[in-house]
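Engineer: this is a predicted model, with the sequence first.
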Amino acid sequence: MRNFDEFTITEAVLERVAAAADPRVRQVSEALIRHLHAFVRETEPTQAEWMAGIEFLTRTGHMCDAKRQEFILLSDTLGVSMLVDAINHRQPAGATETTVLGPFYVEGPPAFACGADISGGMTGLKLQVGGTVSGLDGTPIAGATIDVWHADAQGFYDVQRAGDLTGRARFRSDAEGRFHFWTVRPAAYPIPHDGPVGDMLEAQGRHPYRPAHIHFMISAPGRETLVTHVFAAGDDYLDSDVVFGVKDSIIRPYVEHAAGTAPDGRAMTGAYATLAYDFRLK
């Protein structure tokens, strides 16, 4: 076949990929071609606009390294990451809802005993975090692996600063499924916006901020691994999270307290906060 025009080229390309041996490759390729061609027909880009798109993707790739994944930011800010997450984690009633992993997870975080302070050199309002891990029927899950990570009071993750890992840890739930630890209260923060994704957000009239939250990844034998956040109630960005990750069920108050005795018996000489959440695994 030859002599293609804007009305015939889509079917020609679909015909070329029809011989793909792997059915999934064929399905994905055909869908990509149909939707990409439909996008071009709808927007009718000029040659200069199409080249600008190519250059945008090229710059996105150039921004990627071991500490920064600009394509994840692009996926997040276009809502694709949350769409993929929703499709892959259709939760039964009672299960804790999921959200995006985000770009700042580190494999093999340092292990701590429950009750430890993981803030390292981070400054800010001291925060005690506690909760339980159980099945859908409420049966406690002992020995669950609980990975946590969060930004500091200035909105930066440890991997964005030189130095040791802080605000990041791995715990195990006790015989009754409980866990707790100390850290500092995280702040709302902007995603990295000094690259092409930031340029895109500015062009779209959007801000780059995420509401304050703590990340959790919880796993246990026979259970689906849970990746979620617990967001701070009352945060200014709950309704405009740049990556569309907020769900009502994973918002909790970060309750502030005057100096005194904390729930775990620790004597606090200054103000502090507490956060509680009970996780239920599928």
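Structural biologist: That came through fine.

Engineer: all helices of the chain, in order?
Structural biologist: All helices of the chain, identified by DSSP state H, fall at 9-17, 23-43, 47-62, 70-77, 80-88, 196-203.

Engineer: now the second one, how far from the centre of its chain.
Structural biologist: Which is helix 23-43. Put simply, helix 23-43 sits 27 Å off its chain's centre (CA atoms, centre = their mean, to the nearest Å).

Engineer: got a list of contacts for it?
Structural biologist: Applying CB atoms under 8 Å, 6 or more residues apart in numbering, the contact partners of helix 23-43 are Glu6, Ile9, Thr10, Val13, Leu14, Val17, Ala18, Ala20. In this view, the C-beta of every residue, glycine as well, is placed from N, C-alpha and C.

Engineer: partner residues bridging the closest residue to Tyr277 other than its chain neighbours?
Structural biologist: Leaving aside its chain neighbours, Tyr277 sits nearest to Gly131 (4.4 Å; criterion: CB to CB, 6 or more residues apart in numbering). Gly131 has these beta-bridge partners by DSSP bridges: Phe179, Tyr277.

Engineer: isn't Gly131 right next to Phe179, touching?
Structural biologist: Yes: the pair Gly131 / Phe179 is scored as a contact, 6.4 Å apart, by CB atoms under 8 Å.

Engineer: nearest to Ser219, of the helices of the chain?
Structural biologist: helix 80-88 (15.5 Å; CB to CB).

Engineer: now neighbour count and distance to Pro221 too, for the contacts of helix 23-43, in JSON lines please.
Structural biologist: What follows is the contacts of helix 23-43, written out as JSON lines (neighbours: other CB atoms under 10 Å; distance: CB to CB, whole Å):
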{"residue": "Glu6", "neighbour count": "10", "distance to Pro221": "55"}
{"residue": "Ile9", "neighbour count": "13", "distance to Pro221": "52"}
{"residue": "Thr10", "neighbour count": "17", "distance to Pro221": "48"}
{"residue": "Val13", "neighbour count": "18", "distance to Pro221": "46"}
{"residue": "Leu14", "neighbour count": "15", "distance to Pro221": "45"}
{"residue": "Val17", "neighbour count": "15", "distance to Pro221": "41"}
{"residue": "Ala18", "neighbour count": "10", "distance to Pro221": "43"}
{"residue": "Ala20", "neighbour count": "14", "distance to Pro221": "38"}
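
Engineer: start and end of stretch 72-85, how far apart?
Structural biologist: 13 Å (CA to CA, to the nearest Å).

Engineer: show me what counts as buried in that stretch.
Structural biologist: Ile72, Leu73, Leu74, Ser75, Asp76, Thr77, Ser81, Met82, Asp85 (16 or more other CB atoms under 10 Å).

Engineer: stretch 44-61 too?
Structural biologist: Thr60.

Engineer: quick one: mean pLDDT over that stretch.
Structural biologist: In this model, stretch 44-61 has an average pLDDT of 98.

Engineer: what do you get for stretch 241-259?
Structural biologist: The model assigns stretch 241-259 a mean pLDDT of 97.

Engineer: any idea how far apart the tips of it sit?
Structural biologist: Terminal-residue distance, stretch 241-259 (CA to CA): 33 Å.

Engineer: roughly how far is that stretch from the heart of the chain?
Structural biologist: Relative to its parent chain, stretch 241-259 has a centroid offset of 14 Å by CA atoms, centre = their mean.

Engineer: residues contacting the closest residue to Ala153 other than its chain neighbours?
Structural biologist: Sequence neighbours aside, Gly124 is the residue nearest to Ala153 in space, at 3.1 Å (criterion: CB to CB, 6+ apart). Shown in contact with Gly124 (CB under 8 Å, 6+ apart): Asp152, Ala153, Val184, Arg185, Ala187.

Engineer: now, which of these lie within strands?
Structural biologist: In strands, defined here by DSSP state E, the members of those are Val184.
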